[in-house]
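Peer 1: I would like to see how this sequence folds:
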Amino acid sequence: MASPSEARDLAPPRFLVLTAPVGAGHIAAAEALRAGLLLEIPQAEVTVVDALSHMGRPLRFLLLTLYRWQLERAPWLFGLLHASLLRLPGTGAAWRRALGLLGGRSLQRAIVAANPDLVVSTYPPATNVLGELRSRGSLARPVCATITDLAGVALWAHRGIALHLVAHPDLRAEVERVAGPGSARAVRPLVHPRFYEALDRDRARRELGVSQVHLVLVSGGGWGIGDLPGAVAAALDIPGTHVMCVVGLNRALRDRLTRRYHAEPRVTVLGFVSNMATLLTAADVAVHSTGGVTVLEALVSRCPVVAYGGVAGHLPMVNRRMDELGLVRDAATPDLLRKALGEILRQPRPAPHSLLRLPDAACEVASLLSAIAAESGTAREARQSARKEPDTVISPEKTTSVHASRPSM
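Peer 2: Got it, this is the predicted structure:
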């Protein structure tokens, strides 16, 4: 009869993916990872959970309600807090400890109830809570984290996390300064597998009715944040363009833009969309205000991106960093936006980016679980061998080697 640990090894692997409805990027990354894991291991059980629903009401208010209010009403305040966490000595560590104290116990209960083989976080506060739990020995399950932002990634990292999957090789050093050597690995853009499918661009443009024009796609993320009206106006200044503006869940902005451009056939205002792969495939250029996963989706779709209209706070820093990495064109003013759009529209579509040749995130997660399982099997075999030979005296050196073979994640 198989022992409980052996029976667990024979069962389909269980993954718990923690995310949060803070914008749409964290959820998009979680769903992309879920789809990738099921392609990699069809028999796997992959559960995506809103981490904030298991971290207590105070943290949910702070990290969701108050955060959104700050971005919409007082972005300078969030920028000040974000800069303080990155630059003032000790504040990052204090922030991690506070997250662990406020959200650790309830999140731990949710993980124990789900009983996964591996936990993955796509949301940085959840990553820090998990890291705190691991560091103080309160969580046995191994944890890895995805990092889809391209600046300020030190706040996405924790020494208690086994592996951080970063969106660019240049980010590894910044993560490893926080989490330790070997704790970061660069992966290709973590977007849904449908973005990697070879969509027919001419067909996508015909479906959208933009075959004979330059399509400029304007987006403000899931919450429709940033100077989207300014981006639409700048794009309309360029002859021969049609502008599609995706405002996400921002109904007030959708109503305002719809009233303003109801008689303008060159403007289409959209809410939250599920066909972003088609839109980016068809678009000649995208103007995006919030960075993150949409930029990665555009990169895979070979759609050039101009970063414009990000609210004050951390977004200007993110946009500058993406520009430095050659992933977007950063335009700080409407004039610079018009200039960038004009130049891009005169150029051929870019070749596939070198980041697409990096390892796949789902493969890395599956490999991590396999490595942990192999180490656990080695340790279990050693313990069984010791039990079968009760008269054998185990030297301190052998005891040390057995302990070293246990998973350290």
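
Peer 1: and stretch 221-235, average pLDDT?
Peer 2: Taken as a whole, stretch 221-235 has a mean pLDDT of 95.

Peer 1: from here on, call the first residue 51.
Peer 2: Sounds good: first residue 51 from here, last item stretch 271-285.

Peer 1: tally of neighbours for residue 99?
Peer 2: Residues near residue 99, counting by other CB atoms under 10 Å, number 20. Backbone N, C-alpha and C define where each C-beta goes, glycine included.

Peer 1: check residue 100 too.
Peer 2: 19.

Peer 1: please identify the helix or strand for the closest residue to residue 380 other than its chain neighbours.
Peer 2: Leaving aside its chain neighbours, residue 380 sits nearest to residue 373 (3.8 Å; criterion: CB to CB, 6 or more residues apart in numbering). Using DSSP states H and E, residue 373 sits in helix 365-374.

Peer 1: hmm, who's touching whichever helix or strand comes after that helix?
Peer 2: Next in sequence after helix 365-374, counting helices and strands by DSSP H and E, comes strand 379-380. Strand 379-380 has contacts (CB atoms under 8 Å, 6 or more residues apart in numbering) with 354, 355, 356, 357, 358, 369, 370, 372, 373, 390, 394.

Peer 1: how about 7 Å then?
Peer 2: 356, 357, 369, 370, 373, 390 (CB atoms under 7 Å, 6 or more residues apart in numbering).

Peer 1: again, but for stretch 278-292
Peer 2: The contact list for stretch 278-292 (CB under 7 Å, 6+ apart) reads 260, 263-266, 268, 270, 293, 295, 297, 303, 307, 316-317, 337, 339, 358-359, 384, 387-388, 391-392, 395.

Peer 1: if we go to 6 Å?
Peer 2: Applying CB atoms under 6 Å, 6 or more residues apart in numbering, the contact partners of stretch 278-292 are 260, 263-266, 268, 270, 293, 295, 316, 337, 358-359, 384, 387-388, 391-392.

Peer 1: pull out the buried residues from that stretch.
Peer 2: 278, 279, 280, 281, 282, 283, 284, 285, 286, 288, 291, 292 (16 or more other CB atoms under 10 Å).

Peer 1: just the CA trace of it, in PDB.
Peer 2: This file holds the C-alpha atoms of stretch 278-292, laid out as PDB (Å, rounded to 0.1, in the frame of the first residue of the first chain):
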ATOM      1  CA  LEU A 278      -6.500  58.500 -23.100                       C
ATOM      2  CA  PRO A 279      -8.400  61.600 -24.500                       C
ATOM      3  CA  GLY A 280      -5.100  63.300 -25.200                       C
ATOM      4  CA  ALA A 281      -3.800  60.200 -27.000                       C
ATOM      5  CA  VAL A 282      -6.900  60.000 -29.200                       C
ATOM      6  CA  ALA A 283      -6.600  63.600 -30.100                       C
ATOM      7  CA  ALA A 284      -2.900  63.400 -31.000                       C
ATOM      8  CA  ALA A 285      -3.500  60.300 -33.200                       C
ATOM      9  CA  LEU A 286      -6.400  62.000 -35.000                       C
ATOM     10  CA  ASP A 287      -3.900  64.800 -36.000                       C
ATOM     11  CA  ILE A 288      -2.200  62.400 -38.300                       C
ATOM     12  CA  PRO A 289      -4.000  62.000 -41.600                       C
ATOM     13  CA  GLY A 290      -5.300  58.600 -42.600                       C
ATOM     14  CA  THR A 291      -5.600  57.100 -39.100                       C
ATOM     15  CA  HIS A 292      -8.400  55.300 -37.400                       C
END
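
Peer 1: next one: it to chain centre, how far?
Peer 2: Distance of stretch 278-292 from the chain centroid (CA atoms, centre = their mean, to the nearest Å) equals 29 Å.

Peer 1: repeat for stretch 409-424
Peer 2: The chain centre lies 18 Å from the centre of stretch 409-424; the measure is CA atoms, centre = their mean.

Peer 1: same thing with stretch 200-218?
Peer 2: Remark: stretch 200-218 is offset 10 Å from the chain centroid, using CA atoms, centre = their mean.

Peer 1: buried stuff in that stretch?
Peer 2: 200-208, 210-218.

Peer 1: how many neighbours does the residue nearest to residue 213 when sequence neighbours are not counted have?
Peer 2: Spatially, and ignoring its direct neighbours in sequence, residue 213 is nearest to residue 194 (4.2 Å; CB to CB, 6+ apart). By other CB under 10 Å, the residues close to residue 194 number 24.

Peer 1: please apply the same query to residue 199.
Peer 2: Using other CB under 10 Å: residue 199 sits among 21 other residues.

Peer 1: which residues sit in contact with the residue lying closest to it once chain neighbours are set aside?
Peer 2: Of all residues not flanking residue 199 in the chain, residue 342 sits nearest, at 6.0 Å (CB to CB, 6+ apart). Shown in contact with residue 342 (CB under 6 Å, 6+ apart): 75, 198, 199.

Peer 1: go again using 7 Å as the cut-off
Peer 2: By CB under 7 Å, 6+ apart, the contact list for residue 342 reads 75, 198, 199, 271.

Peer 1: and those residues as a markdown table, adding distance to residue 164 and secondary structure?
Peer 2: Output for the contacts of residue 342, formatted as a markdown table (distance: CB to CB, whole Å; DSSP: H, G, I helix; E, B strand; the rest coil):
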| residue | distance to residue 164 | secondary structure |
| --- | --- | --- |
| 75 | 23 | helix |
| 198 | 23 | coil |
| 199 | 26 | coil |
| 271 | 29 | coil |
